[in-house]
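Peer 1: would you be able to build a 3D model of this:
(one chain, ligands or ions: 1)
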Amino acid sequence: PKSFAILTSGGDCSGMNPAVRAAVRYGIAKGCNVYGIYEGYQGLVDGGKYIRKMDWKSVRGWLSVGGTSIGTARCMAFKTREGRLSAAENLVKHGIDSLIVCGGDGSLTGADVFRSEWGSLIAELLSTDRITDQQAKTFSHLTIVGMVGSIDNDMASTDITIGAASCLHRVCEMVDSIGTTASSHSRAFVIEVMGRDCGWVAMMAAIATGADFVFIPEQPLAAGEWQEAICDVAHRHREMGKRKTVIIVAEGALDSSLNPVKSEDIKNILTERLGLDTRVTILGHIQRGGTPCAFDRILATTQSVAAVEAVLQSTPDMPSPFIGYVNNKVTSGPLMDAVALTHQVADAIHKKEFDRAMQLRDPQFRQ
Ligand code: ATP
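Peer 2: Next up, the predicted model:
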């Protein structure tokens with residue numbers, strides 16, 4: 001039977017467990033041996049107890065559990081050839097020739113690097129007697145399938161990533177909670193949300209909660225002018241009788257000169273210019289935790305089924321597939337095209353090509 005493994009890597013998110021569960025159970029239903037690799041690439045490099053054969057019961061109850069129960073890690077060793085050599089040896093020794101990786105763009109890049117040098121890793125393992133001739137022949141090709149688990153929704157070639165919707169739900173709950181106390185005390189709140197260099201969580205949370213203002217990296221306001229803009233809006237809304245002011249800031253928010261827009265600076269402006277009693281709340285890791293929302297459970301499940309199908313259908317001449325979700329359908333396309341397109345957003349922001357950055361983000365922002 002076919003043997004494949006699944007691992008989760010990079011920052012965790014709600015929905016990784018449903019993804020692992022579905023890959024394990026669909027794989028078993030298709031007659032495969034399915035392995036879970038614990039602690040991300042570190043487990044792959046270290047082998048032994050970190051590579052475990054999964055059975056139907058191993059993933060019982062995982063649909064509603066946040067985070068990733070097989071663990072995740074950032075692994076420096078996997079960035080080295082020595083580390084990847086050890087990873088290859090561990091896969092061969094377990095009879096695994098296919099790997100599903102659920103992580104961010106860094107994890108998926110690492111997976112593709114691993115696949116592209118697989119031939120030379122196998123040759124080196126053979127020449128140093130770490131594997132047999134027969135193993136080298138049987139494991140001449142590695143299949144990689146990528147799917148994205150990220151609260152940031154920062155991946156191109158997919159409308160939404162596993163975990164982003166759950167994160168957004170959590171942020172909305174928190175902003176709503178802050179809203180009631182803000183109204184009671186007639187206060188202003190600057191709420192900073194995660195998202196790295198992507199403004200999706202901030203933007204969607206602002207729409208979903210009716211925030212007064214939002215700062216995102218892809219559409220920076222003119223340096224030296226945003227101060228006036230927020231005061232105008234806050235003042236206008238107060239004049240209309242609003243008793244609270246809520247400003248949402250993406251952690252990667254920038255002005256047009258690419259200076260970070262800091263929550264404390266916004267607070268000082270509102271305090272000094274409008275005399276508002278202003279507080280800063282940084283939501284932090286609370287956005288990552290908690291039970292996955294229904295959408296993420298379904299997204300993770302349907303994408304994992306597609307990932308297992310991709311494992312079963314893959315041939316050595318095909319590029320590594322990337323499982324996405326576009327226009328309400330699970331999709332499959334070349335993994336490295338998706339990664340390259342994702343890097344173009346950061347490049348566009350860096351070059352101050354903000355319209356282009358927004359255009360590249362368009363599928364995420366309009367889904
Ligand atoms: P997040 O979006 O949550 O940050 P990510 O997958 O982008 O997730 P990274 O820290 O960039 O997170 O990558 C996770 C792991 O993937 C790294 O610790 C490393 O082990 C592996 N990795 C990343 N880039 C490479 C690379 N170029 N070559 C080999 N391995 C890599």
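Peer 1: which ones are touching the residue lying closest to residue 314 once chain neighbours are set aside?
Peer 2: Take residue 314 and drop its neighbours on the chain: the residue closest to it by C-beta to C-beta, 6 or more residues apart in numbering is residue 143, 4.4 Å away. In short, each C-beta sits where N, CA and C put it, glycine included. Counting by C-beta atoms under 8 Å, 6 or more residues apart in numbering, residue 143 makes contact with 4, 97-99, 115, 311, 314, 320.
Peer 1: just the buried ones among those, please.
Peer 2: With burial judged by 16 or more other C-beta atoms under 10 Å, the buried subset of the contacts of residue 143 is 4, 97-99, 115, 311, 314, 320.
Peer 1: so can I have a markdown table of these showing secondary structure?
Peer 2: A markdown table is the format used below for the buried ones among the contacts of residue 143 (DSSP: H, G, I helix; E, B strand; the rest coil):
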| residue | secondary structure |
| --- | --- |
| 4 | strand |
| 97 | coil |
| 98 | strand |
| 99 | strand |
| 115 | helix |
| 311 | helix |
| 314 | coil |
| 320 | coil |
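Peer 1: tell me the contacts of the residue in the stretch 151-300 of the chain that the ligand sits nearest to?
Peer 2: Among the residues of the stretch 151-300 of the chain, residue 152 lies closest to the ligand, at 6.2 Å counting by C-beta to the nearest ligand atom. Contact partners of residue 152, counting by C-beta under 8 Å, 6+ apart, are 104, 161, 164, 194-196, 198, 200-201.
Peer 1: pretty sure it is in a strand, no?
Peer 2: No. Read with three-state DSSP, residue 152 is coil and lies in no strand.
Peer 1: what comes into contact with stretch 215-234?
Peer 2: 188, 197-199, 202-203, 212-213, 245, 247-250, 252-259, 261, 266, 269-270, 273-274, 276, 345, 349, 354, 357-358, 361.
Peer 1: now swap in stretch 338-351 and tell me
Peer 2: 105, 108-109, 112, 146, 154-158, 197-198, 217-218, 254, 258, 322, 324, 354, 356-357, 360-361.
Peer 1: one more: stretch 270-282?
Peer 2: In contact with stretch 270-282 (C-beta under 8 Å, 6+ apart) are residues 174, 178, 185-192, 227, 230-231, 234-235, 238, 245, 247, 263-264, 266-267.
Peer 1: rewinding a little: partners of the residue nearest to residue 314 in the sheet?
Peer 2: residue 98 (DSSP bridges).
Peer 1: per-residue pLDDT, it?
Peer 2: Here, the pLDDT recorded for residue 143 equals 96.
Peer 1: and what of the one 5 residues further on?
Peer 2: Model confidence at residue 148, expressed as pLDDT, equals 97.
Peer 1: surely it is in a strand?
Peer 2: Yes. Counting by three-state DSSP, residue 148 is part of a strand.
Peer 1: all good on my end, thank you.
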